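**Q** Need coordinates for the following:
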Amino acid sequence: MAHVLFVCLHNAGRSQMSQALFERAAAGRHTAASAGTTPGKRVHPEVVEVMRELDVDLANRTPQRLTTELAERADVVVTMGCGDECPYIPGKRYIDWNLEDPKGLPPDRVRTIRDDIATRVARLAADLDGDSGDQGS
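**A** Numbers count the residues shown, from 1 in each chain. Sure, this is the predicted structure:
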């Protein structure tokens, strides 16, 4: 079982969607968390809205600050726009996803980001299912 940490700036959009969609795709085979380098006060309303369309409720999730401890616990760290603010922990597998920040975007654009994330997390979960525990590639 692998543990994935999804990181973006505010932990209020991309990383929250990624965590929720990964947990759904992994169906208990892997675990996930999310965090932000400068966490927001709440999940963006436009993100809550489009995730509800998939019966995923993010309204009560609270953005959390990225800590070294959270990163150390992860087997895989997926970053989304946090650049040099993301800590580097040797021996961890890092993946960078170039995803637009959904904050303030119209629902159609947020849906496109959500659907892109859904494809990426499904691929990641499948990759981890086939991983023999090797932290490379």
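**Q** contacting residues around D116?
**A** Going by CB atoms under 8 Å, 6 or more residues apart in numbering, D116 touches L99. Every C-beta, even on glycine, is put in place using the N, C-alpha and C of the backbone.
**Q** what's the helix or strand for it?
**A** helix 107-130 (DSSP states H and E).
**Q** which residues of the protein fall in helices?
**A** Assigned helices in the chain, in chain order: 14-26, 45-52, 68-73, 107-130 (criterion: DSSP state H).
**Q** what is the mean pLDDT for the longest one?
**A** Looking back up the chat, that one is helix 107-130. Averaged across helix 107-130, pLDDT comes to 97.
**Q** okay, the angle between it and helix 14-26?
**A** Angle of helix 107-130 versus helix 14-26, following axes from the mean of the first three to the mean of the last three CA atoms, to 10 degrees, is 50 degrees.
**Q** buried set for helix 107-130?
**A** V110, R111, I113, R114, I117, A118, R120, V121, L124, A125, L128 (16 or more other CB atoms under 10 Å).
**Q** How about the shortest one?
**A** Taking 16+ other CB under 10 Å as the neighbour-count basis, helix 68-73 is seen to contain the buried residues L70, A71.
**Q** Quick one: list the elements packing against that helix.
**A** With contacts defined as 3 or more CB pairs under 8 Å, 6 or more residues apart in numbering; DSSP states H and E, the packing partners of helix 68-73 are strand 3-8, strand 31-36.
**Q** Turn those strands into JSON lines, including mean pLDDT.
**A** Converted to JSON lines, those look like this (pLDDT from 0 to 100):
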{"stretch": "strand 3-8", "mean pLDDT": "96"}
{"stretch": "strand 31-36", "mean pLDDT": "97"}
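**Q** Point out the most buried one among these.
**A** With neighbours taken as mean count of other CB atoms under 10 Å, the helices and strands packed on helix 68-73 reach their highest mean count in strand 3-8, at a mean of 26.
**Q** How far does it sit from its chain's centre?
**A** 5 Å (CA atoms, centre = their mean, to the nearest Å).
**Q** what does stretch 103-113 give?
**A** 16 Å.
**Q** distance of T119 from D84?
**A** 27 Å (CB to CB, to the nearest Å).
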